[in-house]
Structure formats: structure tokens, C-alpha cells
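Peer 1: following is a predicted model, sequence given first.
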2 protein chains.
Amino acid sequence: MATATRDRILDAALHAFATRGVEGTPITDLEAAAGLAAGSGGFYRYFRTKDEVLAAVVRREMDRVDAANLEEEAAEPVPGGDPSAVIEARLGRGLATLRSLGPLMAILSREQGRIPELAAEVSERMLEAGLRHDAARLAPLLGDVEAAEAHDLVAVILSALVGYTLATGYFGTPPGGVEPDRFVAALAGLVAPLPTKERSL
Amino acid sequence: MATATRDRILDAALHAFATRGVEGTPITDLEAAAGLAAGSGGFYRYFRTKDEVLAAVVRREMDRVDAANLEEEAAEPVPGGDPSAVIEARLGRGLATLRSLGPLMAILSREQGRIPELAAEVSERMLEAGLRHDAARLAPLLGDVEAAEAHDLVAVILSALVGYTLATGYFGTPPGGVEPDRFVAALAGLVAPLPTKERSL
DNA sequence: GTCTATATTGGGATAGAC
DNA sequence: GTCTATCCCAATATAGAC
């Protein structure tokens, strides 16, 4: 099985880059973690540079999450029922998705603008596309809220989820000691009281 | 003036660490930016290692913000008036403070848990203390909201501000293209409709 | 307090055998 | 496809003159 080694390098890189950073991870370590002899050039059979692995790792994670999102949405039941319950459920799933992206977010946090093309790609695929998608799904749930307002609202909600996830990752403990369930409940408590379609009927 | 050089090293380190990371910044560069000859050991007259500069930079920034916060609060007028206007004004100031912390946040994002003691110090001084402080100031504005709810609520608000600031810093553009004023307005629009003291009277 | 010069090391990358 | 061996450079850190 030829490419199994390549996948093991990617697995090792995802974990090592997230915990110790790209600069902080010698290629030697990736070789060792992938079952190659440390210090041998084995790595270079699969990637030319460390940044090439980085890009491959990031793209593989994005693909993985896209696929998971598609699957999840296909499994989602018809959206009938109490809009505020729908909103809370969606917030919970959104937070779970972000948490599954923990290692990727840790890597991006560290690398920041070092590779602008990669940052732009992530911004578009993970942030902006998700934002448009969520705004389109939220709007029909709200009554007399303009589309532009729904857009800003989703930006606020997404920022809250991202900020919570990042802060938890940085410090190892959630801000204020607020556990995920309570966080989602508090956020839903802010969003749900808006005039929803049910109530405005 | 003996310590002027030390301050210039700190200035250079704050900027360089924020943009290129600690690992990505050779001590040589700090020397050059501080007006010393690159490659000379001039740096070592003031700091023993790069991590020692890092800690000094982080603490200086925290001190600076603490001082600014104290000053700002002393200048704040008596909180009479419309609670929702007070809330929006506070959110705006909170976001401005976070943006002034941009370089520090960029540094912390990159370093993550590499120096746990430093991370714990920042978590307590910048996040947890601010959260307790804000919760104590928000609670009297809200009517029939429990103290525990106010606490969770402030965690959500702070997460939103942090997420917005970090995302803007990472990608160079605010999430969804929502500019700070509109972001604050949207967030205030979520918080202000809660039962405030004025309305419940 | 700052310089020139340099010792030293860690790690990226390659050549060529197996 | 993986190994041993090695080249090479960048960057930390020090010694000692000025």
C-alpha cells in the first residue's frame, strides 16, 4: 500500500502542527511519527517542503468537514416545529463542527497570514460560504427581519461560536467556565426571542 | 538614556512577534529594528533569551490595557439614561479595546500553550477578570435576569467580540464583510431587548 | 553599552546504496 | 520505497575589543 505512508505523514502533521506549530515541528519528527527512520529523507518522497504538507493537511481537513456537513444536512429532518428549538439544535451542531475543527483552527491561528493564498482559501470555504449558507437558512425562520439583518446576525452568532472555540483551545478551559451546553443555551436565548414566523402568524 | 534601547527592543518584538511569530523572528532582526547592529550580541545585554522578551512584551501590553481601562472608566459618565444605549456604548468600547490588543492577541494565538504559565496569566488577567467585572456591571441593568444568567450572557458577548476580532485579524477582513459599527449594532440588538430595569418598572 | 568575530547546533535538504 | 551519510545554512549565543 503505497500511499499509506503519505496519509500517516498527514495525520502526524495535523497533530504536530496543531500542538507544536509548523516551525516547531522538525521534519524528522514527522518521519518518526509516520514510521519512517528519523533523519532519513523519507519525507521527501511525498512532499517537497514542510509548507507543502501544511497546505495538504489544511485542504484535507476542509474536505473532511465539507463532506461531514453534507451528510449531516441530508440526515436533518424536515424543519417543521418550534423555530427556537430548531435554532438551538443548529447552534449545538455548529459548535460541535467547530470543535471537530479544533486542530485545523489551532494551525491557522498559529500561521495567520504567513501563506495568504491558503488563508484566503480557508476564509472563503469555511467562513464566508458557511455564513451565506446559514444566513439563507436562518432568514425563513425569522418574521419581520430583513435579509441584511439576518446576514449581520449570523456574523454575530458565528463570531460567538468561533470566539468560544478559540478561547477554549488557547486556554484549555472555556471562558468563564461556561460549558458548551450552557453556552449554546445562552446564545439561543438571545436569538430565539426574535420575532419568529410562528409567533408573528 | 540607558533603558531606551530596552524599550525599543520591546517595541520591535511586539510588532515582529505579532506579524511573523516568535520562531519566525531572528534575534538579529530585533537588534536591527532597535537600532543595534544585526548579529552583534547587543540583544543579550537586556534579555537572556527570546522567550524572556516574549514574556516582557506580553506583560507590558497587559499593564498598558489595564491602565487604559482604569482611565476610561474614571472618565465614564454616570450610568443614568437608556440602558440599551449604555449597553451599545459599552460594547463599542469593548471592541475598541480588543482591537487595540490586536498585536497581543496575534502573539498569543501563535504561541498557544507553549508557555503555560504565561497563558494562565493572560487568561486570568484579560479574560476572566474582565468577565467578572463586566458581569457585575451588566447585572444591575437587567431586570428579572438571574446573576448566573448574566454571567453566561457576558461569556457569550465576550466570545462574540473576541471571535470577531480574531477572525478579522486572521483574514484581514471582517467576517461577512460586516464592519465594526454594524457588528456592534447587531450584537446590541440581541442584548438590549432583554428585560431591562427601565422597561420592567 | 555597543561593536566584530566566531563557536556551535539544530534542522532542511540531497546523493546514492540497498 | 526506505535507508545511511552528509552537505549546508540559518540562527542562538559567547568572547573579547573598543
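Peer 2: That came through, no problem. Please read all numbers here as calculations on a predicted model, not as lab measurements.
Peer 1: need the contact list for the closest residue to A:T165 other than its chain neighbours.
Peer 2: Computed as CB to CB, 6 or more residues apart in numbering or on different chains, the closest residue to A:T165 that is not its neighbour in sequence is A:L98, at 4.5 Å. All C-beta atoms are positioned from the backbone trio N, CA, C, and that covers glycine. When contacts are counted by CB atoms under 8 Å, 6 or more residues apart in numbering or on different chains, A:L98 touches A:M105, A:L161, A:V162, A:T165.
Peer 1: quickly find the element holding the first one.
Peer 2: Spelled out, it's A:M105. Taking DSSP states H and E as the definition, one finds A:M105 inside helix A:102-111.
Peer 1: sec struct for the residue nearest to A:T165, please.
Peer 2: Here A:L98 is helix, with the state taken from DSSP: H, G, I helix; E, B strand; the rest coil.
Peer 1: quick check: the gap between it and DNA strand C.
Peer 2: To DNA strand C, A:L98 is 29 Å away according to CB to the nearest atom of the strand, to the nearest Å.
Peer 1: and the residue of chain A nearest chain B?
Peer 2: Per CB to the nearest CB, A:G163 is where chain A lies closest to chain B, at 2.8 Å.
Peer 1: just to be sure, that residue is in a helix?
Peer 2: Yes - counting by three-state DSSP, A:G163 falls inside a helix.
Peer 1: grab the nearest non-local neighbour of it.
Peer 2: Closest residue to A:G163 apart from its sequence neighbours, by CB to CB, 6+ apart: B:G163 at 2.8 Å.
Peer 1: who's in contact with that neighbour?
Peer 2: By CB under 8 Å, 6+ apart, B:G163 lies in contact with A:L158, A:S159, A:A160, A:L161, A:V162, A:G163, A:Y164, A:L166, B:P175.
Peer 1: helices of chain A, start to end?
Peer 2: For chain A, helices defined by DSSP state H occupy the ranges A:4-20, A:27-33, A:50-75, A:83-100, A:102-111, A:116-122, A:129-138, A:147-171, A:180-191, A:197-200.
Peer 1: so which of those is the most packed in?
Peer 2: helix A:147-171 (a mean of 23; mean count of other CB atoms under 10 Å in any protein chain shown).
Peer 1: now find how far off-centre that helix is within its chain.
Peer 2: Counting by CA atoms, centre = their mean, to the nearest Å, helix A:147-171 is centred 12 Å from the centre of its parent chain.
Peer 1: between it and helix A:102-111, how big is the angle?
Peer 2: Using axes from the mean of the first three to the mean of the last three CA atoms, to 10 degrees, the inter-axis angle of helix A:147-171 relative to helix A:102-111 is 90 degrees.
Peer 1: flag the shaky bits of chain A, pLDDT-wise.
Peer 2: Within chain A, the segments meeting pLDDT under 70 span A:1-2, A:78-80, A:143-144, A:195-201.
Peer 1: from it, which residue is nearest to DNA strand C?
Peer 2: Nearest residue of chain A to DNA strand C (CB to the nearest atom of the strand) works out as A:G41 at 2.9 Å.
Peer 1: next one: A:A96 from B:D7, what distance?
Peer 2: To B:D7, A:A96 is 46 Å away according to CB to CB, to the nearest Å.
Peer 1: what does A:A16 give?
Peer 2: Distance from A:A16 to B:D7, by CB to CB: 36 Å.
Peer 1: and A:A155, by the same measure?
Peer 2: Using CB to CB, we find A:A155 at a distance of 39 Å from B:D7.
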